[in-house]
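>>> output the structure for:
(3 chains)
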Amino acid sequence: MWTLPSSDIVLHWLSLIALTAQAMTAALAAGRRSMDWAGVAMLGCITALGGGTIRDVLLGHYPLAWVQNPWLLALTAVAAFLTILIAQAVHRLNTAFLVLDAIGLVIFTMIGCDVAWQMNASLPIVIVAGMITGCAGGVLRDILCNDVPLLFRSELYASVSVVTGLFYSVSFGLKVNQELWTVLTFLLGLSFRLLAIRYRWEMPKFVFDENKR
Amino acid sequence: MWTLPSSDIVLHWLSLIALTAQAMTAALAAGRRSMDWAGVAMLGCITALGGGTIRDVLLGHYPLAWVQNPWLLALTAVAAFLTILIAQAVHRLNTAFLVLDAIGLVIFTMIGCDVAWQMNASLPIVIVAGMITGCAGGVLRDILCNDVPLLFRSELYASVSVVTGLFYSVSFGLKVNQELWTVLTFLLGLSFRLLAIRYRWEMPKFVFDENKR
Amino acid sequence: MWTLPSSDIVLHWLSLIALTAQAMTAALAAGRRSMDWAGVAMLGCITALGGGTIRDVLLGHYPLAWVQNPWLLALTAVAAFLTILIAQAVHRLNTAFLVLDAIGLVIFTMIGCDVAWQMNASLPIVIVAGMITGCAGGVLRDILCNDVPLLFRSELYASVSVVTGLFYSVSFGLKVNQELWTVLTFLLGLSFRLLAIRYRWEMPKFVFDENKR
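The predicted structure follows:
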């Protein structure tokens, strides 16, 4: 007999890889601001774990994941720290990290939806919880680096999260094969994000200048 | 017979109008930073609903208003989005929006005081809760737009909120006509803010430059 | 007979002095950004009380300290406000304030560890709670002043907090004289921080510039 790994275990490992990847790209952002080693490690933790933290604080969902599993702090801090040694390699592997970040966006979105759903939140809140989990870490990173959040002006990111969350939550309450649906959602969300990067799909921008009419 | 609408219903509608107005002015701020459509909608939601959210998180008052009534997210996101189409008109109606924003400041302050009072908070916390509800959304907007919060340096705004909250809470525990008192507070706070805008009443500024003595 | 004041009472008074000192240095930061008097008072409160607030929100530890003791808000707001009158003196007393700030860092760290320990948090979370209590207020100050947080790039600060927390928590669960240990931790943490300032001990910086190799 031959058994596939349950999608849950795969998701768990993918989410750890994605946490690591987000901590590492946050470390590069820290390096652009000449932060010191402690700052790099902290920015890595905050970026990778911040989305889930904000979701849990807003939903009143205690204890937080990293309070229950403090090794998540160690994982992300060490990942950020190691990035200092291999910064040029990480930078050259830009494409690989974009893929890992996309995996994180999709998986964190699904995890966020699951958490809100288990708290009996309504469908819109399930989707918002997914979006916050997937996107808010990057917003914290940009605020701490004193930038206008990229989320608000770059390629489709929040939109990918919303579409992923919508598609994923449609199955809640339906009698579908949950494992199959998870895989489908993952593939859909990931393809959407990678296509958005590849073809530079962007939302139209709203440029307002009060001096012109 | 002819009945006045109860002040509660009027307050409810005024607060929805104020939420809309705050989302629309946040959209203009987003446009000044060339955010994309999704960013505009998100900044609208965060600005309009952020004050109440911070108050509830600080007081441990769950669930949050927009978690219970997700249509508030839709209202503010749509209001911000529509602003893209009518930006010049919104900008020209600057005065009207200042009035609507002032209405929001006063009403959100009263709502914040009510919430804290119902949680049996002490008088100073009731007033602080009012101030956070009225003012913190704009601080979030300015942080996300990478500005030093206007709240900390422009015309009387937080002070209007404090005066409104003080006047409003004086009646708590007294046997006054609550409805009349609400109307009085509303008129007092609104006049104060509008006079402050009209006559450019400002707090003195504290300008510190370490190089001069 | 002659009795030493219990270390708890001494800690309590030192923590009030440290709150005051942090509010006063925050006021100078507000003055550098030309904030108005209300902004100065608010920035003082947020800086001095923000670290404990973030810790409590993340741990779900309600009610917050300043909600229970609103006079803490008055203390820090008044301290910040008075700084406006004596800004040049405060600036000249720079060294004294660095010492007071160091006292605050160490004491707030110990208080944070205590709170988390009483909530039965694991050792890593005890130390993180100490670090957040000691450091996060300054991060909020820098975000509101639109700076990249000093914490992430200046002399040893977070590291002092971590070392203090580690040393302090080692005693938890051990049968040591708790009072003696508190004094020892205090002296260790304070000396570490003051030496770091005096000899400009810094973490190595991670400077990443994608255009160079």
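
>>> spell out which residues of chain A are next to chain B.
Taking C-beta under 8 Å from any C-beta of the partner chain as the test, the list of chain A residues beside chain B reads A:57-60, A:121-122, A:124-125, A:128, A:139, A:143, A:146-149, A:151-154, A:156, A:158-159, A:202-210, A:213. All C-beta atoms are positioned from the backbone trio N, CA, C, and that covers glycine.

>>> restricted to helices, list the residues you listed.
Among the residues of chain A next to chain B, the members falling in helices are A:Val57, A:Leu58, A:Leu59, A:Pro124, A:Ile125, A:Val128, A:Val139, A:Ile143, A:Ala158, A:Ser159 (criterion: DSSP state H).

>>> now the buried members of the residues of chain A next to chain B.
Among the residues of chain A next to chain B, those classed as buried by 16 or more other C-beta atoms under 10 Å in any protein chain shown are A:57-60, A:121, A:124-125, A:128, A:139, A:143, A:148-149, A:151-154, A:156, A:158-159, A:203, A:205-206, A:208.

>>> these also near chain C: which ones?
Within these, those near chain C by C-beta under 8 Å from any C-beta are A:Val57, A:Gly60, A:Ile143.

>>> export those residues to a markdown table and tack on pLDDT?
Shown next, in a markdown table, are these (pLDDT from 0 to 100):
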| residue | pLDDT |
| --- | --- |
| A:Val57 | 97 |
| A:Gly60 | 95 |
| A:Ile143 | 92 |
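
>>> residues in contact with the helix-or-strand element of chain A with minimal mean pLDDT?
Lowest by mean pLDDT, DSSP states H and E among the helices and strands of chain A is helix A:87-92, with a mean of 79. The contact list for helix A:87-92, computed with C-beta atoms under 8 Å, 6 or more residues apart in numbering or on different chains, reads A:Met24, A:Thr25, A:Ala27, A:Leu28, A:Gly31, A:Thr83, A:Phe97, C:Phe206, C:Phe208, C:Glu210, C:Arg213.

>>> now do 7 Å
When contacts are defined by C-beta atoms under 7 Å, 6 or more residues apart in numbering or on different chains, helix A:87-92 is touched by residues A:Met24, A:Leu28, A:Gly31, A:Thr83, A:Phe97, C:Phe208, C:Glu210, C:Arg213.

>>> dump those to TSV, plus distance to C:Leu195 and pLDDT.
Conversion of the contacts of helix A:87-92 to TSV gives the following (distance: C-beta to C-beta, whole Å; pLDDT from 0 to 100):
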residue	distance to C:Leu195	pLDDT
A:Met24	33	91
A:Leu28	32	89
A:Gly31	27	89
A:Thr83	29	91
A:Phe97	39	78
C:Phe208	29	83
C:Glu210	36	70
C:Arg213	37	47
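
>>> from the residues you listed, pick the one nearest C:Trp66.
For these, the closest approach to C:Trp66 (C-beta to C-beta) belongs to A:Gly31, at 36.5 Å.

>>> what about the closest one, helix or strand, and which?
Assigned by DSSP states H and E, A:Gly31 belongs to helix A:7-32.

>>> and that helix, what's buried?
Neighbour-count burial for helix A:7-32, with 16+ other C-beta under 10 Å as criterion, is recorded at A:7, A:10-11, A:14-15, A:18-31.

>>> re the thing from before, and the ones in helices among the residues of chain A next to chain B, which two are furthest apart?
So, those by C-beta to C-beta: farthest apart are A:Pro124 and A:Ile143, at 25.4 Å.

>>> the helix or strand following the least confident helix or strand of chain A near chain C at all?
Going down the chain from helix A:87-92, the next helix or strand is helix A:94-118, by DSSP H and E. No. Applying C-beta under 7 Å from any C-beta of the partner chain, one finds helix A:94-118 out of contact with chain C, separated by at least 9.2 Å.

>>> other SSEs contacting helix A:94-118?
Here helix A:94-118 touches helix A:7-32, helix A:37-59, helix A:123-144, helix A:158-170, helix A:178-198, going by 3 or more C-beta pairs under 7 Å, 6 or more residues apart in numbering or on different chains; DSSP states H and E.

>>> residues of chain A that sit close to chain C?
Contact residues, chain A versus chain C (C-beta under 7 Å from any C-beta): A:28, A:30-40, A:42-43, A:53, A:57, A:62-64, A:67, A:70, A:73, A:84, A:87-88, A:91, A:143-146.

>>> separate out the buried members of those.
Among the residues of chain A next to chain C, those classed as buried by 16+ other C-beta under 10 Å are A:28, A:30-31, A:33, A:35-40, A:42-43, A:53, A:57, A:64, A:67, A:70, A:73, A:84, A:87, A:91, A:143-145.

>>> so where's chain A shaky on pLDDT?
Within chain A, the ranges that satisfy pLDDT under 70 run A:1-7, A:211-213.

>>> how much space between A:Ile132 and A:Thr53?
Note on A:Ile132: its distance to A:Thr53, by C-beta to C-beta, to the nearest Å, is 10 Å.

>>> I'd say A:Leu58 and B:Pro63 touch.
No. The pair A:Leu58 / B:Pro63 is not scored as a contact, 9.2 Å apart, by C-beta atoms under 7 Å.

>>> quick one: contacts for A:Leu98?
Taking C-beta under 7 Å, 6+ apart as the test, what A:Leu98 contacts is A:Ile197.

>>> how about 8 Å then?
Contact analysis of A:Leu98 by C-beta under 8 Å, 6+ apart lists A:Leu194, A:Ile197.

>>> do the same with A:Thr109
By C-beta under 8 Å, 6+ apart, the contact list for A:Thr109 reads A:Gly130, A:Met131, A:Thr133, A:Gly134, A:Ser161, A:Thr164, A:Gly165, A:Tyr168, A:Gly189.

>>> give me the number of residues near the fifth one?
Looking back up the chat, that one is A:Ser161. 31 (other C-beta atoms under 10 Å in any protein chain shown).

>>> before we move on, back to that, distance to A:Trp117 added to the helices and strands packed on helix A:94-118, as JSON lines?
Below are the helices and strands packed on helix A:94-118 laid out as JSON lines (distance: least, C-beta to C-beta, whole Å):
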{"stretch": "helix A:7-32", "distance to A:Trp117": "15"}
{"stretch": "helix A:37-59", "distance to A:Trp117": "11"}
{"stretch": "helix A:123-144", "distance to A:Trp117": "5"}
{"stretch": "helix A:158-170", "distance to A:Trp117": "7"}
{"stretch": "helix A:178-198", "distance to A:Trp117": "12"}
